[in-house]
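Engineer: heads up, no residue letters with this:
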């Protein structure tokens, strides 16, 4: 499972629909970042999204859990939450 979010590595994206990640951090409309990759942890259904943000010199990670009671609907429809910019 290399990239279930269907994002392009190195592409900059803008959030077009608010969402919360596993840590309950809000990602509001207008947030922008560059996609760096993902990592899937099957034992916890964990999916980590790695991004870089212009104002930070290091890579950040946003965690999700691929379970219906958590962020499955966001993961499975992620392209509805972001657009290339």
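Structural biologist: Great, that's in hand. Just so it is clear, the model here is predicted, and its values are computed rather than measured.
Engineer: show me the residues around the residue nearest to the spatial centre of the chain that make contact.
Structural biologist: Central residue of the chain (Cα atoms, centre = their mean): residue 49, 4.5 Å from the mean position. Applying Cβ atoms under 8 Å, 6 or more residues apart in numbering, we find residue 49 in contact with 5, 21, 35, 38, 61, 62, 63, 64. C-beta coordinates here come from the backbone N, C-alpha and C atoms, glycine included.
Engineer: Out of these, give me the one that has the most neighbours.
Structural biologist: Most neighbours among the contacts of residue 49, by other Cβ atoms under 10 Å: residue 64, with 25 neighbours.
Engineer: Parallel or antiparallel, which strands does the helix or strand hosting the residue nearest to the centre of the chain pair with?
Structural biologist: Residue 49 belongs to strand 46-52 when assigned by DSSP states H and E. If you go by DSSP bridges, strand 46-52 pairs up with strand 32-41 (antiparallel), strand 59-65 (antiparallel).
Engineer: Tell me which of those strands lies nearest to residue 53.
Structural biologist: Nearest to residue 53, of all the strands paired with strand 46-52, is strand 32-41, at 4.9 Å by Cβ to Cβ.
Engineer: Check what contacts that closest one and list those residues.
Structural biologist: With Cβ under 8 Å, 6+ apart, strand 32-41 has contacts from 1-5, 7-15, 46-54, 59-60, 66, 85.
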